[in-house]
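> mind folding the following:
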Amino acid sequence: MFVISGQGGNSNSGFMVLTLAPWEKRVRNQAEISDDVRAALRVAPALQANIIQPNSLGIRGAGGGLNFALTGNNYQALYASAAKMIDALNATGRFELVRLDADPTQAQISVNIDRERAADIGVDISGLASALQALLSGSSIGDVFLEGRRIGLFLTSSSNPINDPQDLENIFLKTADGKFVPLSTVASLTERSIPPQLARENQTRSVSITASPKGDLGLGDALALAETIAAQTLPDGVALLPLSEAATLGDNSSGMALVFGFALVIIFLVLAAQFESFLSALIIMATVPLGLACAVFAMAITGQSINIYSQIGLVLLVGIMAKNGILIVEFANQLRDEGQSVGDAIRNACRIRLRPVMMTMIATVLGGVPLTLAVGAGAEARVALGWVIVGGLGLATVVTLYITPVAYLLIAGLTKPHAHEEERLAREMSEAEARELDDEMPLAAE
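Numbering: from 1, shown residues only. Coordinates of the predicted model:
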């Protein structure tokens, strides 16, 4: 157990790190233990507790729930908007605890100087700030060096300490004629509540909010819900900015879309170069969208979510499906070169290539079965990847066996077999050689 008492400029807050027992020595998972701790902390009504569960990806700020900031130009407007946002999120009943990350109720006393009155009675206020600092908490005024050692000089009050805000009004100031007047003569004290620190995000004033989703509400769904509420609640000039894990989630989603895009383009170009035809590559790629849909359907049946692990499985699925399509299309093209029609070629190719396609599918599915049966620490990641391979590839193979022949029948008829191209090239070469002989024969006769 590791405890920090007081943090972030607040003396009424703390931080505690608890290490759980090893996975094999306890019967509850991390989420269940967190729910029990959260329920125990509800006993104290005035206590606000946020439970952070770090994840295995090592994302900074991860595990603390949904964290976002409201950005704008005025802190007062931001805090007012944050209060409305917190009420709206609590009203949904989908969050355990919604709170401001910085409590704006820290007490502060401001000393307001009446400069005109001070000038009238001859009080020099140029050194008033440093004098008050010395009386309150002391101030550093320099250093002295003795025998090579540096010793700091600290100016502080040795008597009459300031223990109460009213003590400030009893500080006496010297006027120009040598008289002494209390500070209350030229200054007034104002007490107000302020946040411990003024935060900024993207060089814009901000107020951050943390919310703990309930039950099976995922971080992505929680962020989408918060954005929907923000669109209905926040005034003009105030925007919602995801932070920490929510921001990383958005970056990963856009990054994964970019990875999928590059994967599809690269596979398409490689297939087009291999078959020397864009239409053949298009036939093979026609099964990819349906294959990805099958994987998503398999995850929905088994209760899995689209996370970073399942997205890796989807990229793997694209490559395996392209391989199955290559086995069928390549052999069908060879049969067309031998003189078969489009329908006969794809029919015979599917019949002959069924065995290698099924061998690839069965071997890959059986290899992914242990992932779906994984238990223990971190099993969620392996199970998600396993069901994409097992369920997605199993359904996608059936789709490949039906969609690929249909796509071939619709698209392959628009092109001629490679054998026709070779015959045309040979015919053109023969005609060119014949023309050269005809041109040379008159010269020989002369």
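
> how close does residue 192 get to residue 112?
Distance, residue 192 to residue 112, by CB to CB, to the nearest Å: 11 Å. In this view, the C-beta of every residue, glycine as well, is placed from N, C-alpha and C.

> spell out the residue ranges of the strands in the protein.
Along the chain, counting by DSSP state E, strands occupy 2-7, 10-17, 66-72, 95-100, 106-113, 139-146, 149-155, 172-174, 180-182, 187-194, 200-201, 204-213, 239-242.

> and the ones you listed as a markdown table, adding distance to residue 264?
Converted to a markdown table, these look like this (distance: least, CB to CB, whole Å):
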| stretch | distance to residue 264 |
| --- | --- |
| strand 2-7 | 48 |
| strand 10-17 | 44 |
| strand 66-72 | 32 |
| strand 95-100 | 38 |
| strand 106-113 | 54 |
| strand 139-146 | 64 |
| strand 149-155 | 66 |
| strand 172-174 | 77 |
| strand 180-182 | 79 |
| strand 187-194 | 53 |
| strand 200-201 | 35 |
| strand 204-213 | 33 |
| strand 239-242 | 27 |
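
> nearest to residue 299, out of the ones you listed?
Residue 299 sits nearest to strand 204-213 of all the strands of the chain, at 19.8 Å, using CB to CB.

> dump that closest one to PDB, restricted to CA.
Extracted in PDB, the C-alpha atoms of strand 204-213 (Å, rounded to 0.1, in the frame of the first residue of the first chain):
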ATOM      1  CA  THR A 204      -7.100  27.400 -24.300                       C
ATOM      2  CA  ARG A 205      -8.700  27.900 -20.900                       C
ATOM      3  CA  SER A 206     -10.200  24.600 -19.800                       C
ATOM      4  CA  VAL A 207     -12.100  22.800 -17.000                       C
ATOM      5  CA  SER A 208     -11.700  19.100 -16.800                       C
ATOM      6  CA  ILE A 209     -14.300  16.500 -15.800                       C
ATOM      7  CA  THR A 210     -14.000  12.900 -14.900                       C
ATOM      8  CA  ALA A 211     -16.800  10.400 -15.000                       C
ATOM      9  CA  SER A 212     -16.800   6.700 -14.100                       C
ATOM     10  CA  PRO A 213     -19.000   4.600 -16.400                       C
END
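
> name the helices or strands packed onto that strand?
strand 66-72, helix 75-92, strand 95-100, helix 219-233 (3 or more CB pairs under 8 Å, 6 or more residues apart in numbering; DSSP states H and E).

> need the pLDDT of the closest residue in space to residue 31 that isn't next to it in sequence.
With CB to CB, 6 or more residues apart in numbering as the criterion, residue 31 has its nearest non-adjacent residue at 7.4 Å, and that residue is residue 53. Residue 53 carries a pLDDT value of 74.

> fine, thanks again, bye for now.
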